[in-house]
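In: Okay, here's the prediction I keep looking at, along with the sequence it came from:
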Amino acid sequence: MAGQHPPVMRSGTPPVLQLVGICKYFPGVAANEDVSLTIRSGEIHALLGENGAGKSTLMNIVTGIYQPDGGEMILDGYGVAFSSPQEAIRAGIGMVHQHFRLVSAFTVAENIHLGWSDTPRHIPAGVLEAHTRELGERFGMPLDPAARVEDLSAGEQQRVEIVRVLARKARLLILDEPTAVLTPAEANDLFRALRAFRAEGNAVIIITHKLDEVMEASDRVTILRGGRNVGTWATKDCSPQMLAATMVGREIVRQDLRVRAPDAVPRSAKPVMSLRHVSVRDGRGVETLSDVSLDLMGEEIFGVAGVAGSGQRELTELLTGLRAPDRGDVLLEGKALPADAVAVARAGVGHIPQDRLQSALVPSLGVTDNMALREYDRAPIGGNGLYHAGAALRLAQDIATVAGVKIPDYSMPVRNLSGGNQQRLVARREMRIASKVLVAAYPSRGLDIGAIATLHRYFAQLRDEGRALVIVSEDLEELLNLSDRIGVLFHGRIMGVLDAAQADVERLGLMMGGRTEERGAQ
Amino acid sequence: MMRFQRFSTATAGYVLVWRALAFVVAMGIVALLLALSGRNVGELAALVARSTLGSRFGLEDLALFMAPLVLTGSAVTVTSRIGLWNIGGEGQFYLGAIGAAAVGLFVHGPAVVILPLMAVVAMVCGMAWIAVPTLARAFAGVNEIITTLLLNFVAELLTYWLTTGPWRDRVTGALVSTERLPVAVPEIWGVVHWGFPVAILVACGLSLLMSRTSWGYEVRVSGANPGAARYAGMPTRARIVAVMLLSGALAALAGMFEVAGTVHRLQGGMSDNFGYLGIVVAVLARRSCLAVIPAAFLMALILDAGIVLQTQQLAATAVLAITGLVLLLVAIADELAHYRPVVAEPVRRSAPGVSS
C-alpha cells in the first residue's frame, strides 16, 4: 500500500527543519537547553518526554510563539527567525494544538477560511463550502462543511484543525497529543492520513506520551528530558521499555496493582453505591444513558470502558450528584443519593472530572483558593459563614506536600502550573473527601508515565482502605491493570460487566463496538 | 543578557508604579495641550493645586465627590467579582434619590428616624430597579449589560417627570426640582456629611465580605469559573441574584446621600454621571473592593480640577477628555506591568512547579 513506508528521498535533500543548540529560559527554569534536532523530509518524528520536559516550549519556538534565547533554526537549508506565529505559518509550519482553536459557533467551512489570506473578501457560503469539501478530499479527510463545529465529535474537530493547517500549505505538521481525544478507529484514520502526507515528502512531528503510538506511527523518535535532548533513534531500533526508561531516566517497574496489601480492608458484602434502572435524557430528549444498573462495592476498583460519548460523562455526573436521573434510583449505602453536588461531596464522594481546567479548578484564582474548593464550608476554613484564608493556605500546603508538587507561591494563579501538577493537586484534593467513593474520569490523561504510576498507586491505596473507585478511561491497558471489574458502555447501555482477570483488550474492544459474545452482532 | 518578558500575573507594586507614570504622562499631555492653546500652564496648575488639595474648601469638595463615587464604584466592582457588569448604576442612583426624596417630602418625623428610613427605602428602590435585569440574567441568561444600561434612561426621565410634574417645587418655583427636603444628613467637617465615612466603611466592609466569608468565596469562584462552581455544587444563581441586588442597593445609597446630604432636593440631571463614573472607578480599581477608595479619590480629583478649569473658560467636556486620557494610559500601564526584566543566564535545574 502506498505510503506504508517513508519515501526514499534523494541524497542531498536538506532537512525540512534543523534546530541547533536551541535554548529557552523562563525565570528560574531552563525550559530548553542546547536542543539540537533534525527533521527530515518524508518522516514522522515522535517527540517524547515527561510533563515539563520542554516539548511544548520547543514546539512553541518552532511555531513562532516564543523566540529562542539562543541557538539557530534552519528551515530547508536557510536560517530563519520567526517573530510571530503568522511568519511560521507562511514558512510552511503548521501546528494542531491539543486543545483545539476553533470557533465553536462557526461552521466547518468558516473555520477553515477564518484568518486566511487566501480567503476572498466577499464570498457566498456555498462557494466556501464547496472549496472546503474539495480541500478535505484533497487531504484525504472528508469534512461536512456546513456542520457547526460545536456539533462535531473530537475526532471530527481535529480533522478540521488539520485541514485548516494543511490548506495553508504546511510542509511540517506538528501535532500535540493528537490521539488524546480520539477513539482507536479515529486514531487509525489519523495515522493513515499522516502517512499519506508523509508520502509527498512532507514531515510530521507528533508530541505524545503513548509509547504504543510512537512504535506504530513514527519513523524516528527524539526524547527530551529536563529540557535537553537525550537522543534520537530510529523507531525500529527501539522497544517501549527502552523508550519509557530513557524518558523517565530510570527503569519503570510494572507492578500488579490488583494485588492487595496484606493489611487491606476486606471487600464489603453490601454495595456502597448502586444504580437501579437509571436513565438520563439530554436536552433534546435523547436517552444518553438507558436502564443502567450497577453495584459498586467497597474495596473495589470498577473500570468503565467505552468509546468516547457512550454515556461516560452522564454516568460520572450521576454518581457525583451533578445530574439527577430521569428514571431510576441512585443509592449511596442503600439510601437515595442527595440531589445536589455539595451534599454528595459531603457524604464522601470525590470527583476527578474529565476537564480539569473547565470544572475542577478556577484557573485565574490562586492555588490556595483552588484547594479550598471542597472544604471551604466547613471547619477549619469555613463554618459560620466565614472564610479563614490562613487555614485555607495550610490545607493547600498539606495537599501540595502529599501530591509532591512544589509551589513557589500559593497565591499564584493555578493556571500557571503544568497540566500534570494540576491533575495531581485535584486528585489529592478529591481523595481527601472521598471517604466512600472516588469517581475519576480519564485520570491519567495528559500525565506522563511516572505520574501515572504514582496516581495508580494512590488509587490502589484508597481501594485497600476500603473505598469504592470508579475509573473511566479510554486506555484499556490501564483499566485491565487497575480494575477488579470492568463495565463496558455502548450507546448509553452497559454492554456487560467483566471480571478484569478474565477480560482482555480484544473482548473489551468487541463490546465497545456493540457486540456481545452471547448474542453476536447487535 | 537582560530582556523583558511578559508574565501572566502583574504584581500590585508594578501596577502602582506604572500607573503613577501613566498619570504623570497624562498630566504632561494635558499641560502640553493647554500650553499649545496659549494658556499659562504653571499658573493653571498652581490654581488647580490650590483649589483642590491645597485648600480646605477644595478638600471638602473632594470628599463630597468621593462619597458617591466610592459607592457607585463599589456597585460595579461587586458585580465584576461574579463576572457581570452593572452598567445601570446611573439609573439605580436616580431611583435611590427618588426613594429618599419621597420619604423626605412625605414622611415627617425626627431625623434620627427619617434618615435611616430614607436609606432603607432608597436601597429597596435601587434593588427594585435592578430586579428585572437580575432575574432575566439569573433565569434566562439575558445579557445584563444591555438591560441595566437601558433602564438608566427610563430612570432619568422618571426623575425629570417627577421634578417638573407631581413633585415640582411649588414654594420657590425652582425649575426641574422638588422643594428643599426638611431633613439633611448631618455634616461632620464643613460641607462634608456622614455620607463620606459611610461610603469608606462600606468599601472596607465589602472587601472583608469578599475575602473573609464563604459567601464571598462562592462569589469569587462563580465569577471566575462557573463550571467549577457547578462542579462544587455552589448556588451560583442565588449568588448572582444577591450580588446584583447588592449592587443596585449600593448605587441607590449613593443617590440617597446625594439628595439628603449634598443637594437637599431631587433635581433632574442631578446624578452628575456618578453612575457612569462608577464604571471608570471600578476599572481603575481592578476588581478590588478596597482599591475603589483610591480610584474614587483620583476620579474626584479630576472632577474637582475640571470645575476649576471651567472657571478659567475651559469647556466642561475637558473633564471627559482628561478622564478618557487617564483611562487609556492606565490600560496601557496595566499591560506594561505584566513585563518584568529577566536576566537570561543558563539555569541548570528545572523547577517542576512551573509550567514551561
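Out: Here it is on my side, so go on.
In: And the helices in the stretch 51-200 of chain A, which stretches?
Out: Here the stretch 51-200 of chain A has its helices, by DSSP state H, counting those that start in this stretch, at A:55-62, A:85-90, A:108-113, A:125-138, A:154-167, A:184-199.
In: wait, which of those helices is closest to chain B?
Out: helix A:55-62 (4.9 Å; Cβ to the nearest Cβ). Where you see a C-beta, it was placed from the backbone N, CA and C, and this is true even at glycine.
In: distance between that closest one and the chain's centre?
Out: 19 Å (Cα atoms, centre = their mean, to the nearest Å).
In: Please see if that helix touches chain B.
Out: Yes. Residues of helix A:55-62 contacting chain B under Cβ under 8 Å from any Cβ of the partner chain: A:S56, A:T57.
In: And that helix, what does it pack against?
Out: If you count contacts as 3 or more Cβ pairs under 8 Å, 6 or more residues apart in numbering or on different chains; DSSP states H and E, helix A:55-62 packs onto strand A:17-26, strand A:29-39, strand A:44-48, strand A:93-96, strand A:172-176, strand A:203-208.
In: Include distance to chain B and mean neighbour count when you put these into CSV, please.
Out: Converted to CSV, the helices and strands packed on helix A:55-62 look like this (distance: least, Cβ to the nearest Cβ, whole Å; neighbours: other Cβ atoms under 10 Å in any protein chain shown):
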stretch, distance to chain B, mean neighbour count
strand A:17-26, 5, 20
strand A:29-39, 4, 22
strand A:44-48, 14, 26
strand A:93-96, 17, 24
strand A:172-176, 14, 24
strand A:203-208, 13, 24
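In: Who are the contact partners of whatever residue of the stretch 151-300 of chain B ends up closest to chain A?
Out: Residue of the stretch 151-300 of chain B nearest chain A, by Cβ to the nearest Cβ: B:G233 (3.0 Å). Going by Cβ atoms under 8 Å, 6 or more residues apart in numbering or on different chains, B:G233 touches A:G321, A:L322, A:D340, A:A341, A:V342, A:A343, A:V344, A:A345.
In: Please identify which two of these are farthest apart in space.
Out: A:L322 and A:A343 (11.7 Å; Cβ to Cβ).
In: Comparing the two, which residue is more hemmed in?
Out: Per other Cβ atoms under 10 Å in any protein chain shown, whichever of A:L322 and A:A343 has more neighbours is A:L322, with 19 against 13.
In: shouldn't the more buried one be in contact with B:R230?
Out: Yes. Contact criterion Cβ atoms under 8 Å: A:L322 and B:R230 qualify, at 7.0 Å.
In: State the number of residues packed around residue 271.
Out: As the question left the chain open, I've gone with chain A. A count of nearby residues for A:P271, using other Cβ under 10 Å, gives 18.
In: other chain: chain B
Out: By other Cβ under 10 Å, neighbour count at B:S271 equals 27.
In: Could you give the residue of chain A that lies closest to chain B?
Out: Residue of chain A nearest chain B, by Cβ to the nearest Cβ: A:A341 (3.0 Å).
In: which ones are touching that residue?
Out: So A:A341 contacts A:T320, A:G321, A:L322, B:R230, B:Y231, B:A232, B:G233 (Cβ under 8 Å, 6+ apart).
In: make it 10 Å
Out: By Cβ atoms under 10 Å, 6 or more residues apart in numbering or on different chains, the residues touching A:A341 are A:317, A:320-323, A:349, A:351, B:229-234.
In: cool, and A:Q397?
Out: Contacts of A:Q397 (Cβ under 10 Å, 6+ apart): A:V367, A:T368, A:M371, A:I407, A:Y410.
In: what touches both of A:L322 and B:R230?
Out: Contacts common to A:L322 and B:R230, judged by Cβ under 10 Å, 6+ apart, are A:A341, A:S359.
In: Quick one: the helices in the stretch 51-200 of chain B, in order.
Out: B:56-81, B:89-106, B:111-140, B:144-164, B:195-212.
In: returning to that earlier point: with mean pLDDT as extra columns, can I get the helices and strands packed on helix A:55-62 in JSON lines?
Out: Shown next, in JSON lines, are these (pLDDT from 0 to 100):
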{"stretch": "strand A:17-26", "mean pLDDT": "89"}
{"stretch": "strand A:29-39", "mean pLDDT": "87"}
{"stretch": "strand A:44-48", "mean pLDDT": "92"}
{"stretch": "strand A:93-96", "mean pLDDT": "90"}
{"stretch": "strand A:172-176", "mean pLDDT": "91"}
{"stretch": "strand A:203-208", "mean pLDDT": "91"}
